[in-house]
Structure formats: C-alpha cells, structure tokens
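Visitor: Following is a predicted model, sequence given first.
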Amino acid sequence: MPFPIERPRRLRKSAGLRRLMCETTVTAADLVQPLFVVEGEGYRRAIESLPGQFHLSPDEAALEAGKAYAADVPAVLLFGLPKHKDPIGSSAWDEAGAVQRAVRAIKEHVPELIVITDVCLCEYTDHGHCGRVVNGEVDNDGTLPLLTKIAVSHAAAGADVVAPSDMMDGRIGSVRKALDENGFQSVAILSYAAKYASSFYGPFRDAAGSAPSFGDRKGYQMDPANRREALREVALDIMEGADMVMVKPALPYLDVINDVRRRFGRPTAAYQVSGEYVMIEHAARAGAFDRRRAICESLVSIRRAGADFVVTYWAVEVAGWIREGQFEW
Ligand code: PBG
C-alpha cells in the first residue's frame, strides 16, 4: 500500500516546493503577438469583437511591434485588412498593401523582432473564402499560384516567416518552391498544418472582415472530430517543406498538440484563437473567475500539452506579468 508512505501532498505544502516541482514553464520567448493591420496612416481603433485588440495602420503597427520587442516577445504575426476586395483577392500581393507596408515599417523600427505574416485569401476575397471560387467551390489547384504570390510579396517586404493558413492541399510545397525561386531560401514557413473548421474563429472573422459570404470552410479546414487526420496533415506539410507546424485552435485541441509534438518532434506552435480569447475575457468580466489566473492557466496548459510556442492575443500583456513575477494560476 503506497499510503501512508507515499504522500503527494508533501511536495505541495509550500510555494517554494511547488515552484521546485513545477514541470512546465511559460516565458516571453514562447509567445507570439498577432496584430491586425489596415491601410492608411496614424490609424488605431479598438476592435469591438476582440476587446483589447486594435486595427492599426502600418506606422501604428510598428509602434505596437516595438512594445512586443520591449516586452521580450520574439515575434508578431500580421493579418491584413484591405480596402479593396475582389474574387481572387488581388490586394493580398499588392506591394503597397497594409501587410507589406507594415512589415517594412516594423523591420525599420525594430529590425530584430521576428515578423511572421499570415498567408491567406479570405480577408481579400469579396466572397470571404480562403481560395479562388470556381462554380461555387473553392478551387484548390487554382488557388496555389495566388498563395505563392502573397508569400513572395511578404518575403520581398522583409518577412522572416510566412504562415499559410488557407488549408489548400499542396500549398506548403508550392510556397517553398516559389520562395526559393525568388531568392528567399532563408524565409521560413510556419504551416497552419492542423487547422480545424472551428466556431472559435468567430470574433476573428468579424475583426478581419473575413467571414465567408456563402457556405462554410468545412471543405478545406479539418473536422473537429478527427485526430489521426491531423497527423496526416502535419506529415504532408513537413514533407512539403514546413519548418514549423501549428495546431489551431489550442485549448479544445490539446490532444492534437500533444500528438503532433510527440510524433514529429518539430517546432510545434499552437494558436489560442479569438474565440478562446473572448471566452476568458467575457467570463472574467462577468465575475466567473480571476482573469489573470485563467489566462495563465490556459497558457501553461497549452505548453504542457507540448506546444513550443503559442500565438496569443495576450502575448505582450502576459510577457509583462512574467517580468513582474505575476504569472501565476
Ligand atoms: C485566415 C485565418 C483565420 C484565423 C487565422 N487565420 C480565420 C479562419 O480560418 O476563418 C483565425 C484566428 C482566430 O480566430 O484568432 N484563414
């Protein structure tokens, strides 16, 4: 009988012992801050669906990136909102587009901060799908050349990492080839490899103006019921040249994060998405629990599951807590 010899509580009885026994760490270096970039100058406006997040013109995005850098957060992830939308999302590869200009502005302001760009069409197409639509369906192979144009334009602007989030088959191979052919061999690819067709993207679609005008994304994003399929998706993306792989959303998919990290041992990211963010924000506001502790617990859980780093809207704020010794649950 282990009890009374074995008493797990012995190692929990003081804060010092609990610290010593703590198996999982979260540091500022594990966090990536997303930013929403719009065209224009001197523009900064609160996003209603994402309390605490802003639409930023490129110059304002550079200031925000400066805050991330000062907080020791190593990277930002940029999303663009164009003024002009059309069926093929042509603003997405505009040299003077919001993302392209923001990348340049950030690289000028804080050259050492890593700039990751989301590569997708849904913010740029007038129908809101992540690819070109032919006869009412998203045309996989016809979308690939458009995605490669976006990735190359981001790399040309100075992006360190491009992150295709569209879930077209074969996109990682196409993007890798296009980057290499254009002299961007050292630009890395973070693949949204296991991206689920999730209702937790709701607030983001509002913030990015990217909700599909008809149908849904189930024809290209994954079925939430599927775990083995995620491994297949990740395997394919690694074979095609993904340097890092991401699971998205995070908290409802901890099993998938764990599978991916164990099976492949590649740098594995998790995206704590907009719906996960507002769930905690709204519940905390309603007095359901302590906001800071809930956020910290969610992040330590995602790291415990196996994520090497986490894309989270709280990145800069949490980095501040870590610095002040207030990262606790
Ligand atoms: C673009 C994209 C989405 C998110 C990241 N990239 C939305 C979607 O797939 O509909 C969601 C991010 C979030 O919810 O925070 N395809």
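Guide: Received the coordinates, thanks.

Visitor: before we move on, what SS does the residue of the stretch 101-250 of the chain found nearest the ligand have?
Guide: Nearest residue of the stretch 101-250 of the chain to the ligand (Cβ to the nearest ligand atom) works out as Phe204 at 3.2 Å. Any C-beta I mention is one placed from the backbone N, CA and C, and that applies to glycine too. Under DSSP: H, G, I helix; E, B strand; the rest coil, the three-state class of Phe204 is helix.

Visitor: Skipping its backbone neighbours, what lies nearest it in space?
Guide: Nearest non-adjacent residue to Phe204, counting by Cβ to Cβ, 6 or more residues apart in numbering: Ser274, 3.8 Å away.

Visitor: and the one you found, what is it in contact with?
Guide: Shown in contact with Ser274 (Cβ atoms under 8 Å, 6 or more residues apart in numbering): Ser49, Leu50, Phe200, Tyr201, Gly202, Pro203, Phe204, Ala207, Tyr313.

Visitor: would TSV of those with neighbour count be doable?
Guide: Output for the contacts of Ser274, formatted as TSV (neighbours: other Cβ atoms under 10 Å):
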residue	neighbour count
Ser49	14
Leu50	21
Phe200	23
Tyr201	23
Gly202	15
Pro203	23
Phe204	24
Ala207	22
Tyr313	26
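
Visitor: Among those, find the lowest-pLDDT one for me.
Guide: Among the contacts of Ser274, Ala207 has the lowest pLDDT, at 91.

Visitor: What are the contacting residues of the strand or helix carrying it?
Guide: Using DSSP states H and E, Ala207 maps to helix 202-208. Outside helix 202-208, the residues that touch it by Cβ under 8 Å, 6+ apart are 36, 47-50, 53, 55, 79, 81, 122-123, 128, 210-211, 273-275, 277-278.

Visitor: make it 6 Å
Guide: Identification of contacts with helix 202-208 by Cβ atoms under 6 Å, 6 or more residues apart in numbering yields Phe36, Ile47, Ser49, Leu50, Phe79, Leu81, Glu123, Ala211, Ser274, Gly275, Val278.

Visitor: Return the alpha-carbon coordinates of that helix using CSV.
Guide: Written as CSV, here are the backbone C-alpha positions of helix 202-208 (Å, rounded to 0.1, in the frame of the first residue of the first chain):
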residue,chain,number,x,y,z
GLY,A,202,-16.0,33.9,-34.9
PRO,A,203,-14.6,37.1,-33.3
PHE,A,204,-11.6,37.0,-35.7
ARG,A,205,-13.8,36.8,-38.8
ASP,A,206,-15.6,39.9,-37.5
ALA,A,207,-12.3,41.6,-36.8
ALA,A,208,-10.7,40.7,-40.1
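
Visitor: Make 42 the first number, not 1, from now on.
Guide: New numbering, starting at 42: the last item is helix 243-249.

Visitor: For the helix or strand just after that helix, which residues meet the burial criterion?
Guide: The first helix or strand that comes after helix 243-249 along the chain, using DSSP H and E, is helix 269-281. By 16 or more other Cβ atoms under 10 Å, the buried positions in helix 269-281 come out as Ala271, Leu272, Glu274, Val275, Leu277, Asp278, Ile279, Glu281.

Visitor: What are the buried residues along stretch 223-232?
Guide: Buried residues in stretch 223-232, counted by 16+ other Cβ under 10 Å: Phe225, Val228, Ala229, Ile230, Leu231, Ser232.

Visitor: Is it in proximity to the ligand?
Guide: No - if you take Cβ under 6 Å from any ligand atom as the test, stretch 223-232 misses the ligand, and the best it gets is 11.7 Å.

Visitor: Now the terminal residues of that stretch, how far apart.
Guide: 20 Å (Cα to Cα, to the nearest Å).

Visitor: tell me the average confidence for it?
Guide: 98.

Visitor: Taking the buried residues of helix 269-281 together, which two end up most distant?
Guide: Greatest spatial distance among the buried residues of helix 269-281 (Cβ to Cβ): Ala271 and Glu281, at 15.7 Å.

Visitor: Show me what from this structure comes close to the ligand.
Guide: Within the chain, the residues that sit near the ligand (Cβ under 6 Å from any ligand atom) are Asp159, Cys161, Cys163, Cys171, Ser206, Tyr242, Phe245, Arg246, Ser251, Arg258, Val314, Ser315.

Visitor: Name the SS class of the first one, please.
Guide: It stands for Asp159. Going by three-state DSSP: Asp159 is strand.
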